[in-house]
Structures are given as structure tokens and as C-alpha cells.
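A.B. asks: fold the following, please.
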Amino acid sequence: MEKELLQKAQMRKRIYSFLMALLIVALEGGIMLYTWVVFYNHELPKAYYFRGHIFIFVVYMLILFLISIMYGGLKIGSYRMIELTFSQVFSTVVTNILFYLIICMIAYHFPTPLPVLFVTILQSFCIGAWVYLATMIYRRLFPPLDILLLYGGRKKDLFVEKVRTRRHQFAINASIRAEEKELSEIFREIDRHEAVMMWDLPLTLRNTLFKYCYENAVEIYTMPKIMDIILMGSNTLHFFDTPLLLTKSSPLELEQLILKRFFDIVFSLLLIILLSPIMLITALCIRLYDRGPVLYRQTRVTRDNRTFLICKFRSMIVEAEKDGTARLATKNDARITPVGRVIRKMRIDELPQLFNVLSGEMSFVGPRPERPEIIETYQKEMPEFTYRTKVKAGITGYAQVYGKYNTLPYDKLKLDLYYIENFSVWLDLKLIILTAKILFTFESTEGIEEGNITALKETNHE
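C.D. replies: A predicted model of the protein is given here:
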């Protein structure tokens, strides 16, 4: 009976989230519809009437809904209010830009964008009010999920810290080092909680506990191991009546490599042309600040462990590593210049890498290109770190979008492997679109802790 109540509660959460999503999309659509009818309809060669207005309203709502899903703007209860507000406002801005371009195509000229600008500001205020009210109601109706943490391996503190940032969503009310308890005792404890999180458990023990939770309708959150992520990307085969999983040594097929390279050439050329004014202004600012070189080149590693010279705008003082030690940027790093802080936060320092993409040394999407010395350090702790070099390094990627500059190398490795094993053109396009949001999420550029030269901490790994 208790499990049935839990399932009904989960269903009510989904219904509530869907209704709230429908409310904000309809509200924003209604505001834009009014703007369309009053300001833009008369700009058309032939004005629209009732059915045409309904069509425009539906098109706008569909675009906004899809983009909001992509950027996570409708995840009531999953994101903090500030994250949710930013995501939905960003989704609205992108949608309104696309909608204005549609208006230009329909009108055969460029009407004034001022009404769309004012509407965007009004929609942003509505989004802020919607996020606050929807989140407060959600938290009143649905308390945090009662979690039992089952852990093994090394210290779990880093994981617990991450969960605490979602205290409105999860509450770890009990934790057990699973290897030190009898199974019967663990099973009794599982029955007292709504959900279970498994952190770095030995495979045999994890499988046993997983089966028990699955059989008893207990929600399971599992930290995947590296082999789990590789298996996620396997092809499913059937050997007569026996299912098989095929994992290839080369994750990308020949036609995928050709398509990816074609995309890299076309897109890099286009962006170099479009962003050349920004690059010129950045180069001028760097040069005027300290008269030092505008660019710096550094040895990095790409596909098949080949090295190349990466090209970036210089954001640090000249001879930032004059002691010869390779180190990542730290929080409040004194080596970063004032100009460097700005271009690092806005990712402008990465723009010269477009020439690395054009030359074939990098791709638009792929694992972050690391320095050979740092890779060697990481491999002492994680021999699997070299798996990232099965594809070309990229300007953006799965770990860059879903992680941060100071994300633990083991977590970055798993994010990169997920991308490698699940590659598709659609995934590349999705990551490029999501990168636009990350450009305005400044905490993703946060440096490592003071005193460290790499992002290694005491991590959990096989």
C-alpha cells in the first residue's frame, strides 16, 4: 500500500509539473500573440485573420515548449529557483529571436524589433513570478524525497555535498556503508525509505541490492561505473534467441566521421567570419593591457593520443608558468589579467580554437583537450582516462556542458565516455545549442581549489 501511495505521488508530481509548464508557455504565448496582432500583423503583405492568428499562436508555443525542454526551463522541483528562472528566460530569448526572424520572412522586410524586446522583458517578469509561485507550491505539496544512501569505496562526502545542493528535492535521512552490514539489515532499512542512492558499491553487492529495490518498487539512483557507461552505448544484437551487446573498439563509424568533419569545416568557417569583429576587439584589448602577445599556444592531446598546439587568447600574465609546472587555473588566480577574467567568463578566450577545428586537430564537440602532463597525472589515479582520446578533442562537449572547469577528472571521464559511446549528429547539435546557455553560466568557469595544480581530489573510482 505504501509503495502504491508513492507511485501515485510521483504521478501527481508529473501532472503538476506538466500543468505548470503548460501555464507559463500559454501565458508567454498569449503575450506574444497580442504583440503579433497589434504590432506586426499590419506589416504583412496580406494581413492574417482569426485562423492565421491561432496558427501563429500554436507555432510560437511549440517552439517555446521545445526550446524550454532543451534548456531545462520547465523542470519545476528539479532546479533551484534562480537556475529555473535563468533557463526559462534564456529559452524565451532564443524563442523570441527565432520568432522575429519568422516575422521578417513572412513580412518580406525587417519590422522594428522593439515590440519583441519589450515583450521579452514583460515575459521575464512573468517567468520570475511563475517560478516563485510554482516552486513554492511544489515544495509545499511534495516534500523532499526520503533517501537512503548505500555507499562503499572511499569517502562519500563529495557526493553528499552535491546532493545537499538539491535539498529541496532529496533528503538523505540515513546512510549505510553497505559492505559492513548484513543483507537482511540493509533490506529492512530500504523498506523504510522512498528511494535509494547507491554510491560506489562493489558490483556483486550492487546487483543484489538493485534487484531487491527493483522488485519492491523502490526508486533507485545509481552512480554508474565506467564499464556501465560503455555498455550504455553498445549495439543490441540477437544471436538466435540470445540477446548480445556489441561494444566496438572504434565508437564512430566511417560515415559518422565524414559527416562530423564536414560539419566542423563548414561551421568553423562560418563562425570565423561572423565572430571576426569580436576576435579583433579582444586581440586589441589584450595587446593594449600589457603589450604582451595576444595569443598563446600550448601542447594538448587529441584523438589517438596525438599532440597538437592549441591556440587561445592569452588570459594570464606573460610567463604564467615560468617555473615549468603545468597547472590549471585556481579560484581567484593572481595570474589571470583583468581582461583575461572577462574573456574567460564569456569563453571568448576559446575562439581561436576555431582555427584548430578548421585544420582538423580538433572538433566542435568532443572531450576537453588536456595537457600531456596533466593526463599523465590523471592516469596514475585512473588508467581509463586515456579512453577519452578515442575521438578528437572538442571546443565544447558533454563534460563541458554538464560539468564545470573544476569538476573531478573521474566525473569528467564518465561524462566524456557517455558522449563517445552515444554519439549522434543530433547529440552534437544539442550540445552546441546548450553551449549557448553555458556561456552565461559563469560558475561553470570556476577554478580549482587554491594550492592544487590539477582537479584531482580524493575521488571514488574503480
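A.B. asks: for I375, see how far away F308 is.
C.D. replies: Distance check for F308 against I375: by C-beta to C-beta, to the nearest Å, it reads 14 Å. (Glycine included, C-beta is placed from N, CA and C.)
A.B. asks: my bad, V342
C.D. replies: On the measure of C-beta to C-beta, V342 and I375 end up 29 Å apart.
A.B. asks: G397 too?
C.D. replies: From G397 to I375 the distance is 16 Å (C-beta to C-beta).
A.B. asks: who has more neighbours, these two?
C.D. replies: G397 (27 against 19; other C-beta atoms under 10 Å).
A.B. asks: any idea of the pLDDT on that one?
C.D. replies: Listed pLDDT for G397 reads 91.
A.B. asks: OK, contacts around it?
C.D. replies: Listed by C-beta atoms under 8 Å, 6 or more residues apart in numbering, the contact partners of G397 are 365-368, 415-416, 419, 431.
A.B. asks: any figure for the gap between it and I226?
C.D. replies: From G397 over to I226 the distance is 17 Å, taken as C-beta to C-beta.
A.B. asks: check which helix or strand covers V318.
C.D. replies: Using DSSP states H and E, V318 is not contained in any helix or strand.
A.B. asks: near it, how many other residues are there?
C.D. replies: Using other C-beta under 10 Å, V318 has 13 neighbouring residues.
A.B. asks: show me the shaky parts of the stretch 151-300 of the chain.
C.D. replies: By pLDDT under 70, the weakly predicted segments of the stretch 151-300 of the chain are 154-155.
A.B. asks: for it, which segments count as strands?
C.D. replies: 170-177, 195-199, 219-222, 235-239, 242-246, 295-301 (DSSP state E, counting those that start in this stretch).
A.B. asks: which one of the ones you listed lies closest to M70?
C.D. replies: Within the strands of the stretch 151-300 of the chain, the stretch nearest M70 is strand 219-222; the backing value is 23.3 Å (C-beta to C-beta).
A.B. asks: so for that closest one, what gets flagged as buried?
C.D. replies: 219-220, 222 (16 or more other C-beta atoms under 10 Å).
A.B. asks: same deal with stretch 286-304?
C.D. replies: In stretch 286-304, counting by 16+ other C-beta under 10 Å, buried: 286, 296, 300-303.
A.B. asks: list the neighbours of that stretch that are in contact with it.
C.D. replies: So stretch 286-304 is in contact with 283, 307-314, 317-318, 337-340, 343, 352, 361-362, 369-372, 375, 389-393, going by C-beta under 8 Å, 6+ apart.
A.B. asks: distance from it to the middle of the chain?
C.D. replies: Using C-alpha atoms, centre = their mean, to the nearest Å, the mean C-alpha position of stretch 286-304 is found 26 Å from that of the whole chain.
A.B. asks: stretch 207-220 too?
C.D. replies: 29 Å.
A.B. asks: could I get the buried residue list for it?
C.D. replies: In stretch 207-220, counting by 16+ other C-beta under 10 Å, buried: 208-210, 212-213, 218-220.
A.B. asks: and which of these is nearest to R80?
C.D. replies: Nearest to R80 out of those is E219 (C-beta to C-beta; 21.3 Å).
A.B. asks: check contacts around the closest residue to the closest one other than its chain neighbours.
C.D. replies: Spatial nearest neighbour of E219, chain neighbours left out: A195 (3.8 Å); criterion: C-beta to C-beta, 6 or more residues apart in numbering. By C-beta under 8 Å, 6+ apart, A195 lies in contact with 145-148, 170, 218-221.
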